[in-house]
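Engineer: just coords:
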């Protein structure tokens, strides 16, 4: 049975999240596509490189209002993810919606203050909000509710507990996943899905398969290149003899300064790629079979150690 989408939020809506720090506003905001969400934290990071830099709040608010005006002018469904616990903060948001005949909807996230305070402990130090501030924000939200948010111009007041957002959220994630796997009729990521899962989607545009390369003993070879710097990787389809897959990255031969050959090292995260390119791998890290094609020398330094690293790689793949 299909659950209802309650409340019905028209396409020409501006949804203003209201709640203290760590109430769960961002979790709710993330159920909508990222393009529809204006996050004050994200904009604070955009203007200062630090989402916790409170000195950048003024610039972040100015950027939010500028982007909101542009979206309202285009009559685009928009969610504002910020505390918005005071009328002063909400007033320009409602005004922007009204100017363009959009419908401002107040969405209250009424998480208990004690829970919001407890959640601060899990945040990085620069993102923690003092307890007295969280309590004041919670009180401001309650006071706003009592005075009546509709009197401020909101056409509807909704509580987060009444939402049925899980179904559309999973529907959107499912569609994105099908596209990633190339199962939606498009090209998708296809055989790059494993790359994205292992190393992150940011690596995908730099990734290029190298058909016909024989440097990996017949296994498929790829290259990550940006300008003059690059890494060579091999796709291993049977790393443990049971059909599991993973990647090795090529590094210089670590055992002989005279050898201009290479070694293969398991790469199970983007950190491995960084360390390989930066030359930060210690000899004990390079535990795979070393192949020096110019000397014909093959060494098996520590197959058991390789198995340990490969197991970590497999765990990363299995998620």
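Structural biologist: Received the coordinates, thanks. Keep in mind it's a predicted model, so treat the numbers as computed, not measured.
Engineer: any weak-confidence spans in the stretch 51-200 of the chain?
Structural biologist: Confidence mapping of the stretch 51-200 of the chain against pLDDT under 70 gives the ranges 180-190.
Engineer: quick one: the helices in it?
Structural biologist: Assigned by DSSP state H, counting those that start in this stretch, the stretch 51-200 of the chain shows helices spanning 57-73, 87-99, 113-119, 131-147, 166-180, 193-199.
Engineer: Dump these to a markdown table, plus distance to residue 27 and mean neighbour count.
Structural biologist: Every C-beta, even on glycine, is put in place using the N, C-alpha and C of the backbone. As requested, the helices of the stretch 51-200 of the chain are arranged in a markdown table below (distance: least, Cβ to Cβ, whole Å; neighbours: other Cβ atoms under 10 Å):
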| stretch | distance to residue 27 | mean neighbour count |
| --- | --- | --- |
| helix 57-73 | 19 | 16 |
| helix 87-99 | 20 | 17 |
| helix 113-119 | 11 | 17 |
| helix 131-147 | 17 | 16 |
| helix 166-180 | 10 | 13 |
| helix 193-199 | 23 | 18 |
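Engineer: so what's the backbone phi/psi at residue 10?
Structural biologist: For residue 10, the backbone dihedrals (degrees, to the nearest 10) come out as phi -60, psi 160.
Engineer: For the helices of the stretch 51-200 of the chain, give me JSON lines that also has distance to residue 207.
Structural biologist: Listed next are the helices of the stretch 51-200 of the chain as JSON lines, based on distance: least, Cβ to Cβ, whole Å:
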{"stretch": "helix 57-73", "distance to residue 207": "32"}
{"stretch": "helix 87-99", "distance to residue 207": "41"}
{"stretch": "helix 113-119", "distance to residue 207": "38"}
{"stretch": "helix 131-147", "distance to residue 207": "44"}
{"stretch": "helix 166-180", "distance to residue 207": "14"}
{"stretch": "helix 193-199", "distance to residue 207": "5"}
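Engineer: closest one to residue 10 among the ones you listed?
Structural biologist: Of all the helices of the stretch 51-200 of the chain, it is helix 87-99 that lies closest to residue 10, at 11.8 Å by Cβ to Cβ.
Engineer: so where do the strands sit in the stretch 201-319 of the chain?
Structural biologist: Secondary structure of the stretch 201-319 of the chain (DSSP state E, counting those that start in this stretch): strands located at 207-209, 220-226, 229-236, 246-252, 262-267, 289-292, 297-300.
Engineer: Which strands and helices lie in contact with the fifth one?
Structural biologist: Right, the one you point to is strand 262-267. Packing partners of strand 262-267 (3 or more Cβ pairs under 8 Å, 6 or more residues apart in numbering; DSSP states H and E): strand 246-252, helix 270-278, strand 289-292, helix 303-318.
Engineer: Also the fourth one?
Structural biologist: Of the remaining helices and strands, those touching strand 246-252 by 3+ Cβ pairs under 8 Å, 6+ apart are strand 229-236, strand 262-267, helix 270-278, helix 303-318.
Engineer: Now with 10 Å, please.
Structural biologist: Contacts defined by 3 or more Cβ pairs under 10 Å, 6 or more residues apart in numbering; DSSP states H and E place strand 246-252 against helix 193-199, strand 220-226, strand 229-236, strand 262-267, helix 270-278, strand 289-292, helix 303-318.
Engineer: Can you give the strand pairings for that strand, parallel or anti for each?
Structural biologist: Its sheet considered, strand 246-252 pairs with strand 229-236 (antiparallel), strand 262-267 (antiparallel) by DSSP bridges.
Engineer: Now the first one: buried residues?
Structural biologist: In this case it means strand 229-236. Within strand 229-236, the residues that count as buried by 16 or more other Cβ atoms under 10 Å are 231, 232, 233, 234, 235, 236.
Engineer: how much space between residue 18 and residue 49?
Structural biologist: 28 Å (Cβ to Cβ, to the nearest Å).
Engineer: With residue 30 instead?
Structural biologist: Taking Cβ to Cβ as the measure, residue 30 falls 22 Å from residue 49.
Engineer: Who has more neighbours out of those two?
Structural biologist: residue 30 (15 against 9; other Cβ atoms under 10 Å).
Engineer: Leaving out the residues flanking it, which one is nearest to residue 207?
Structural biologist: residue 195 (5.3 Å; Cβ to Cβ, 6 or more residues apart in numbering).
Engineer: do the same with residue 209
Structural biologist: residue 222 (5.0 Å).
Engineer: The one you found is in contact with residue 232, isn't it?
Structural biologist: Yes - applying Cβ atoms under 10 Å as the test, residue 222 and residue 232 come out as touching, 7.5 Å apart.
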